[in-house]
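> I would like to see how this sequence folds:
(one chain, ligands or ions: 1)
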Amino acid sequence: MSYTVETAARTAPAAVIVAIDGPSGTGKSSTSKAVAAKLGLSYLDTGAQYRAITWWMLNNGIDVTDPVAIADAAGKPVIVSGTDPSAPTITVDGIDASGPIRTQEVTSKVSAVSAVPEVRTLITELQRTIAKGAALGIVVEGRDIGTTVLPDADLKIFLTASPEARAARRSGELKGADVSATREALLKRDAADSSRKTSPLAKADDAVEVDTSDLTLEQVIECVVTLVEGKRAAK
Ligand code: DC
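Here you go, the predicted model:
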């Protein structure tokens, strides 16, 4: 009689690195978390890290209109991201920052702080270390993941949506904030994020673009899950 013993190494799915980029309001966070949870992958919200460093700077009296002051202070806060997609966390110097980083004040200042090259170098290094440590793989969402942070990602997705769809979603998340004011704020932040010199918001040449304007969240999740499974099967 003969039989085969499958080793864990042979049956475990290969680690897969997924980069999901795009402007705000395209469904990046909801999609990334759900895809990671469904496929047993880790999840990293890189926008939360830029928000966290911005929050620390505001709390510590750093002039966030001064790139030199921002650069000098960039290495001081210790930012730790928890990568469980069902309960992602972020702490700054050991303090839970998940609520405060979503305030309007942080949202309005984060583009200026994240445009400073010294900030990007430090946060990019942190992101690469986290991605490397994810044994089964990870979904990393942001603006420059496919182009700069993880250019060798197994799969790159670039989510887009019309400004109207994005503003409607964001104002819903902000519990009924005025749609046209939200639209203006989104477009202003996109313009700043897309025009900065260091690793701007951009689609990688080899990214799959998905326009989510007329898709439900479930449809977007299904589309991305199918793409990830295809990549995993081919590894
Ligand atoms: O995804 P978010 O809205 O939480 O991101 C907040 C800001 O952080 C966004 O306006 C630009 C910046 N950001 C970035 O520059 N690079 C990333 N990879 C992610 C976010």
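
> could you measure from the most centrally placed residue in the chain over to the ligand?
When the chain is reduced to its mean C-alpha position, the closest residue under C-alpha atoms, centre = their mean turns out to be residue 141, at 2.5 Å. For residue 141, the distance to the ligand equals 7 Å [C-beta to the nearest ligand atom, to the nearest Å]. Where C-beta positions appear, they are placed from N, C-alpha and C, glycine not excepted.

> just list the residues touching that residue, thanks.
Taking C-beta atoms under 8 Å, 6 or more residues apart in numbering as the contact definition, residue 141 lies against 20, 21, 28, 29, 32, 43, 44, 45, 46, 47.

> helices - which of these land there?
28, 29, 32, 46, 47 (DSSP state H).

> just to revisit the earlier point, taking the contacts of residue 141, tell me the two that lie furthest apart.
21 and 43 (14.6 Å; C-beta to C-beta).

> what sits against the nearest residue to residue 200 once chain neighbours are set aside?
Closest residue in space to residue 200, ignoring its immediate chain neighbours: residue 194 at 5.2 Å, by C-beta to C-beta, 6 or more residues apart in numbering. Residues near residue 194 by C-beta under 8 Å, 6+ apart: 23, 200, 201, 202.

> could you look up the SS state of residue 194?
helix (DSSP: H, G, I helix; E, B strand; the rest coil).

> quick check, pLDDT for it.
In this prediction, residue 194 carries a pLDDT score of 93.

> can you tell me how far it is from residue 201?
Going from residue 194 to residue 201 by C-beta to C-beta, to the nearest Å gives 5 Å.

> got any residues that touch both of those two?
Residues within reach of residue 194 and of residue 201 at once, by C-beta under 8 Å, 6+ apart, are residue 23.

> give me the low-pLDDT residue ranges for this protein?
Across the chain, the ranges flagged by pLDDT under 70 are 1-12, 176.

> so which bits of it are right by the ligand?
24, 46-47, 50-51, 110-111, 114, 142-145, 189, 193 (C-beta under 6 Å from any ligand atom).

> in TSV: the residues you listed, plus secondary structure.
Converted to TSV, those look like this (three-state DSSP):
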residue	secondary structure
24	coil
46	helix
47	helix
50	helix
51	helix
110	helix
111	helix
114	helix
142	strand
143	coil
144	coil
145	helix
189	helix
193	helix
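
> quick one: the helices in the chain?
8-11, 28-39, 46-59, 67-73, 104-114, 117-132, 163-173, 179-195, 217-234.

> the last one vs helix 163-173, what angle?
Okay, so that is helix 217-234. Between helix 217-234 and helix 163-173, the angle comes out at 100 degrees (axes from the mean of the first three to the mean of the last three C-alpha atoms, to 10 degrees).

> what lies in contact with helix 217-234?
13-14, 16, 18, 20, 27, 30-31, 34-35, 38-39, 154-155, 157, 159, 208, 210, 212, 215.

> cool, thanks, signing off.
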